[in-house]
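In: show me how the following folds:
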Amino acid sequence: MALKSLGQRLRASVDDLERNRLSERFKGLGLTPLADVVARQPIRVGGEVSRVVIAPRHGVPTLEIRVSDGTGTITAVFTGRRSIIGIEHGRAVVLQGVAVPDKTGSSTGHVIFNPAYTLIP
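Out: You can find the predicted model right below:
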């Protein structure tokens, strides 16, 4: 059994291994997989922060984070913020709010504005 698992890991790509690691990390938390997010519906999603950007939107400072759970990604936008203590690259976070389609042409597809968040150790 262990040899079969080792053989599968040796043949898998780095992206496949990362997707599996993230899926396993957030299993059992009662979260919606990011691949299954439906626009304009309340969601509870989680993942690791893969990108942090401070960028103005319509003249207002915003903190944007991209979160990935192995099945997809979502961008969380915190308006009027330049930083949030504890949110950094690689940190696990659970987000709650309503996702909307991303109109900026980002590859994530969905944005969640000012979500409630919980940091995961």
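
In: the longest strand in this protein is where?
Out: Identified as the longest strand of the chain according to DSSP state E is strand 42-57.

In: and the gap between the spatially most central residue of the chain and residue 58?
Out: What sits nearest the mean C-alpha location of the chain, by CA atoms, centre = their mean, is residue 67, with 1.9 Å. With distances taken as CB to CB, to the nearest Å, residue 67 is found 22 Å from residue 58. Just so you know, the C-beta spots here come from the backbone N, C-alpha and C atoms, and that holds for glycine as well.

In: mind showing which ranges of the protein have poor pLDDT?
Out: 1-12, 22-23, 26, 104-108 (pLDDT under 70).

In: just to revisit the earlier point, alpha carbons of the longest strand of the chain, as CSV, please.
Out: The C-alpha atoms that make up strand 42-57 are tabulated as CSV, following Å, rounded to 0.1, in the frame of the first residue of the first chain:
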residue,chain,number,x,y,z
PRO,A,42,-23.9,33.0,0.5
ILE,A,43,-20.8,30.9,0.7
ARG,A,44,-18.3,29.6,3.2
VAL,A,45,-15.0,28.8,1.6
GLY,A,46,-11.5,28.3,2.7
GLY,A,47,-8.0,27.9,1.4
GLU,A,48,-4.4,29.2,1.5
VAL,A,49,-3.5,32.7,0.6
SER,A,50,-1.5,32.6,-2.6
ARG,A,51,-1.3,36.3,-3.4
VAL,A,52,-1.6,39.6,-1.4
VAL,A,53,-1.9,42.9,-3.3
ILE,A,54,-2.6,46.4,-2.1
ALA,A,55,-4.4,48.1,-5.0
PRO,A,56,-6.8,51.0,-5.3
ARG,A,57,-10.3,50.3,-6.7
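
In: output the contacting helices and strands for that strand.
Out: The contact analysis (3 or more CB pairs under 8 Å, 6 or more residues apart in numbering; DSSP states H and E) places strand 42-57 against helix 14-25, strand 60-68, strand 73-79, strand 92-101.

In: try 10 Å
Out: helix 14-25, strand 60-68, strand 73-79, strand 92-101, strand 110-113, strand 116-120 (3 or more CB pairs under 10 Å, 6 or more residues apart in numbering; DSSP states H and E).
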